[in-house]
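A.B. asks: mind looking at a prediction? Sequence and model below.
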Amino acid sequence: MPSTLRWAQDGAQLSVTQKSEYPFEGTVSFALTASTPVNFSLHLRIPQWAQNTIISVNGSRIPQSPVPGTFAEIHRQWKNGDRIDLEMPLNFRLESIDARHPQIVALLRGPLVLFPITGAPPTVTAQQLLAAKRTAAQSWQVESFTAPILMLPFTAIADQQYSTYLVTTKT
C-alpha cells in the first residue's frame, strides 16, 4: 500500500514515499524529498525469509548484502529526488507443521501462505508444491497426481473450502 512519511530533521523538511505491489511482488520503491541535503541513516527491515535481497540507491546497488532478519542501515547524505529500491525474491518454501511431521507442510511465497482450495486431500510431492505456477495476480496452481490444485492467499479466499497444510508424498 502506498504511504508517505514526513518529518523535519536538522532544519530540513523530508518525506519518503513508498510504492509497491508487495506482498504479491517483491520490489518496494522509496522516493525521498528533501528541502536541503541532510545526513542520516535509513533503516530497512529485511524479513527472515528474504534471502538474496538487493538494495539500490539511485540505481546503484549498495555493496553490503542485507542480512535476513535484521535491519539494513544506509547512511549517507540524502538529497531531493533520491530513490531507494528494495528487491526481495519471493521464493517458494515449505514449512512443516512441526519437527515430528516434516511431510505435513504449508506452501509459502515470500510472506504469503498459499492455501490449497480443495475438498479432498490431494496426492502431491514437495517438488510439485515448490514448482507452483502463477495463474493470476493472486492465484497459483500446483500440478498434483490427481488434479491441479488452486492455491490462494487468505485474502483471496471467499466461500471456498481450504486447508493450511498438505501431506506430501515421496512418489
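C.D. replies: Nice, thanks for sending it over.

A.B. asks: separation between Arg83 and Leu108?
C.D. replies: Distance, Arg83 to Leu108, by C-beta to C-beta, to the nearest Å: 29 Å. The C-beta positions use only the backbone N, C-alpha and C, and glycine is treated the same way.

A.B. asks: surely Thr4 is in a helix?
C.D. replies: No: note on Thr4: no helix contains this position according to DSSP: H, G, I helix; E, B strand; the rest coil, which reports strand.

A.B. asks: care to break this structure down by domain?
C.D. replies: Following automatic domain parsing, one finds the domains of the chain at 3-87, 92-169.

A.B. asks: mind putting the ones you listed into a markdown table with mean pLDDT?
C.D. replies: A markdown table is the format used below for the domains of the chain (pLDDT from 0 to 100):
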| stretch | mean pLDDT |
| --- | --- |
| domain 3-87 | 96 |
| domain 92-169 | 94 |
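
A.B. asks: kindly reformat these as CSV containing mean neighbour count.
C.D. replies: Listed next are the domains of the chain as CSV, based on neighbours: other C-beta atoms under 10 Å:
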stretch, mean neighbour count
domain 3-87, 14
domain 92-169, 15
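
A.B. asks: Arg100 - that's part of a strand, no?
C.D. replies: No: read with three-state DSSP, Arg100 is coil and lies in no strand.

A.B. asks: partner residues bridging the closest residue to Phe154 other than its chain neighbours?
C.D. replies: Distances taken as C-beta to C-beta, 6 or more residues apart in numbering place Phe115 nearest to Phe154, at 6.3 Å, with adjacent residues excluded. Legend: beta-bridge partners of Phe115 under DSSP bridges are Leu152.
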